[in-house]
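Novice: Sharing a sequence plus its predicted fold:
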Amino acid sequence: MFVRRVRRFARVVVSIRRCLHPSWWAYVLLGPASRGDYFAPVVHLNDEFEQASEMDLAGFKVETDTVAYRYAVRRSDIPKERE
C-alpha cells in the first residue's frame, strides 16, 4: 500500500514538472515545430529589405579585443586616426 502511494505521488510530480517546463508550454501554445526541407537551397530575394539591412550593417565595424572577444562599433564612433 505504501509503495502504491509513493508511485502515485511520483507520477503526479513528474506530470507537474512536465507541465511547468517552458518547452512544454511553447508546444501547447504554438504547436509542434514545423521544419522545412533541409536540402532546399536558400533563396535570396535581393529586395529592398535586404538592401536596407546591408546598408545598416555597413555602418558597423567588427573589432576584436585582447582576449578575442568580438564586438561591433559604429563607424561614426571610431576616431579618425584609429580607422
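Specialist: Looks like it came in fine.

Novice: In terms of helices and strands, where is residue 34?
Specialist: Element membership for residue 34 (DSSP states H and E) is empty, with no helix or strand holding it.

Novice: For the longest helix seen in the chain, list every residue counted as buried.
Specialist: Using DSSP state H to assign secondary structure, the helix with the most residues in the chain is helix 2-20. Going by neighbour count (16 or more other CB atoms under 10 Å), nothing in helix 2-20 comes out as buried. Heads up, the C-betas are built off the backbone N, CA and C, glycines and all.

Novice: I'd like the next helix or strand past that helix.
Specialist: helix 22-30.

Novice: got a list of contacts for that following helix?
Specialist: The contact list for helix 22-30, computed with CB atoms under 8 Å, 6 or more residues apart in numbering, reads residue 18.

Novice: Tabulate the CA atom coordinates of it in PDB.
Specialist: As requested, C-alpha coordinates have been extracted for helix 22-30 and formatted as PDB (Å, rounded to 0.1, in the frame of the first residue of the first chain):
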ATOM      1  CA  PRO A  22       8.800  26.200 -20.700                       C
ATOM      2  CA  SER A  23       9.200  24.000 -23.800                       C
ATOM      3  CA  TRP A  24       6.000  22.100 -23.000                       C
ATOM      4  CA  TRP A  25       4.100  25.400 -22.800                       C
ATOM      5  CA  ALA A  26       5.600  26.500 -26.100                       C
ATOM      6  CA  TYR A  27       4.500  23.300 -27.700                       C
ATOM      7  CA  VAL A  28       1.000  23.700 -26.200                       C
ATOM      8  CA  LEU A  29       0.600  27.400 -27.300                       C
ATOM      9  CA  LEU A  30       2.500  27.400 -30.600                       C
END
